[in-house]
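# Return atomic coordinates for the entry below.
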Amino acid sequence: MTNSPDKRGIDVALLWNPSKDLIFKTFLEHELKGDYFKKKPSRNILEVEFQVANSESLYVFVNHWPSLGNPDNTRVQAATLLKSRIEKLQKANSKAGFIAMGDFNTIPKLKKKSKIHPFRDIFLKDSIMVDLRESYLLSESIPKSLKMKQPPGTYYYKRGKVWNQLDRVFVSKNLLSGNNLKIDLTLLKFMLHHSQENLRQRGIRDNWLLIVSIIRQKQ
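From the prediction side, this is the model:
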């Protein structure tokens, strides 16, 4: 769990079941710094390293980027920090796997004064990382009937009646085609339950459960 400078006490954490096939190695926190964050601190990015089955390293990054009420540049800074850290680790160990997940608070539309998008122009540009949901939707091996069962997003803004994808999972490309660890796209699930019939009672809710399955290939 992080110990972020956010004065509201909001942090991120990662839980796991220890086993001989998933060994915890170390963790780090990455703080967003700069003049803006001195006045309005945000959540740290949590980095956790595992060793999988006495083989390669698996790095998991847990994110809760600055909310949409903040300037787009704050999320650009978060994207830059995350990408630079992944690139540094990947350069040191090209066989390592990477997962970045959490609430990225990023939508396709930018604010009027912004020109740089955190995903398109920073995190995913010339990157080893891919958006797992997009990979799922583009996969020809997954029936359209299964894709249609997935909710259109993880966040519904009732005022504008707009769906967005705030909660995401990004993975390194080698986890989609690797020989050791591999993401099973067919098991990807975005859990969303409409338990309220009254729109007002549903509220503005995000941070829904995302289920991703990682398969260890037999050697």
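# Distance of residue 96 relative to residue 55?
According to Cβ to Cβ, to the nearest Å, residue 96 stands 10 Å off from residue 55. The C-beta positions use only the backbone N, C-alpha and C, and glycine is treated the same way.
# okay, these two: which has more neighbours?
Set side by side, residue 96 and residue 55 show more neighbours around residue 96, with 19 against 13, by other Cβ atoms under 10 Å.
# Torsion angles phi and psi at that one?
Per-residue torsions, residue 96: phi -70, psi 150 (degrees, to the nearest 10).
# residue contacts, it?
By Cβ atoms under 8 Å, 6 or more residues apart in numbering, the contact set of residue 96 is 56-59, 89-90, 172.
# Residue 137: which element?
helix 132-138 (DSSP states H and E).
# Just the CA trace of that helix, in PDB.
What follows is helix 132-138, C-alpha atoms only, in PDB (Å, rounded to 0.1, in the frame of the first residue of the first chain):
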ATOM      1  CA  LEU A 132      -6.200  -5.000 -22.800                       C
ATOM      2  CA  ARG A 133      -9.800  -4.000 -23.500                       C
ATOM      3  CA  GLU A 134      -8.900  -2.800 -27.000                       C
ATOM      4  CA  SER A 135      -6.900  -6.000 -27.700                       C
ATOM      5  CA  TYR A 136     -10.000  -8.000 -26.500                       C
ATOM      6  CA  LEU A 137     -12.400  -6.100 -28.800                       C
ATOM      7  CA  LEU A 138     -10.000  -6.400 -31.800                       C
END
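# Quick check, residue 78 in contact with residue 70.
No: using Cβ atoms under 8 Å, residue 78 makes no contact with residue 70, being 10.0 Å away.
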